[in-house]
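>>> Next comes the sequence, and after it the predicted model I'd like to discuss.
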Amino acid sequence: MKKSLAVLAISAASLTAMPAVASAKTLRLFSKPIPQVGGPFDANGNPLTGAPGPGAYFVGGDHLYRGTATHHARAVFGYDHIVCTILDVNAHARCNADIVLRDGVVYGTNFPLDLQAQDSVITTGLFGIGRYSHVTSITSHNVGNTDNSELTIRY
């Protein structure tokens, strides 16, 4: 009996010492809008001059740099493109986005987004290619009173 308990204890210890399946990785990016790409449009595709209402949509494109707003690379690491349809007067939207990076692509399909929120976490509708084939989430943080943001991609 003591021998089988010792074997069980050694087996349990060796299982806990085994490496887990590859742990999630994190990529931090600073996102800066590309001038004159996109903007708000009404439901008919005309540039919007007033507040967006239901049916209006927003198109945006950004340069992406490795790092954060305060410390990031000088060279562009990738680009993103996003299209969001406004659902209500509170700026809730449904969006589609592509994030094209040097070592893979992340797609976000039909995900909910609050366009007025300081921070957003996207966990649904995500698909990746290349290094990001196991993408699990994207967190977006708006930087102060700018159009810049910080993205955190977990994959």
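In hand now; what should we look at? Residues are numbered from 1 along each chain as shown.
>>> OK, contacts around N90?
Contact partners of N90, counting by C-beta atoms under 8 Å, 6 or more residues apart in numbering, are 114, 116. In this view, the C-beta of every residue, glycine as well, is placed from N, C-alpha and C.
>>> same thing with C84?
Taking C-beta under 8 Å, 6+ apart as the test, what C84 contacts is 57-58, 93-96, 113, 115.
>>> Please work out how many residues are found near V106.
26 (other C-beta atoms under 10 Å).
>>> That one pairs with what?
Per DSSP bridges, residues listed as beta-bridge partners of V106: I99, G128.
>>> Please report how far it lies from P47.
29 Å (C-beta to C-beta, to the nearest Å).
>>> now the contacts of C84 as CSV including pLDDT, neighbour count and distance to I138?
Shown next, in CSV, are these (pLDDT from 0 to 100; neighbours: other C-beta atoms under 10 Å; distance: C-beta to C-beta, whole Å):
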residue, pLDDT, neighbour count, distance to I138
Y57, 96, 20, 20
F58, 93, 20, 17
A93, 97, 23, 15
R94, 98, 16, 15
C95, 98, 21, 11
N96, 98, 15, 13
L113, 95, 20, 11
L115, 88, 17, 15
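>>> quick one: which of those is nearest T152?
L113 (15.5 Å; C-beta to C-beta).
>>> I believe the closest one is in a helix; please confirm or correct that.
No. Membership of L113 in a helix is not supported by DSSP: H, G, I helix; E, B strand; the rest coil, which gives strand.
>>> contacting residues around it?
Listed by C-beta under 8 Å, 6+ apart, the contact set of L113 reads 84, 92-95, 120, 122.
>>> longest strand in the protein, by residue count?
Secondary structure of the chain per DSSP state E: the longest strand is strand 26-41.
>>> The contacts of C84 in strands, which ones?
Short answer: the contacts of C84 in strands (DSSP E) are 57-58, 93-96, 113.
>>> Out of those residues, the closest to Y132 would be?
N96 (16.5 Å).
>>> Compute the distance between that closest one and R131, please.
Taking C-beta to C-beta, one finds N96 at 21 Å from R131.
>>> Need the pLDDT of the residue at minimal distance from the centre of the chain.
Ranked by distance to the mean C-alpha position of the chain (C-alpha atoms, centre = their mean), the top residue is I138 at 2.8 Å. Note for I138: predicted pLDDT of 98.
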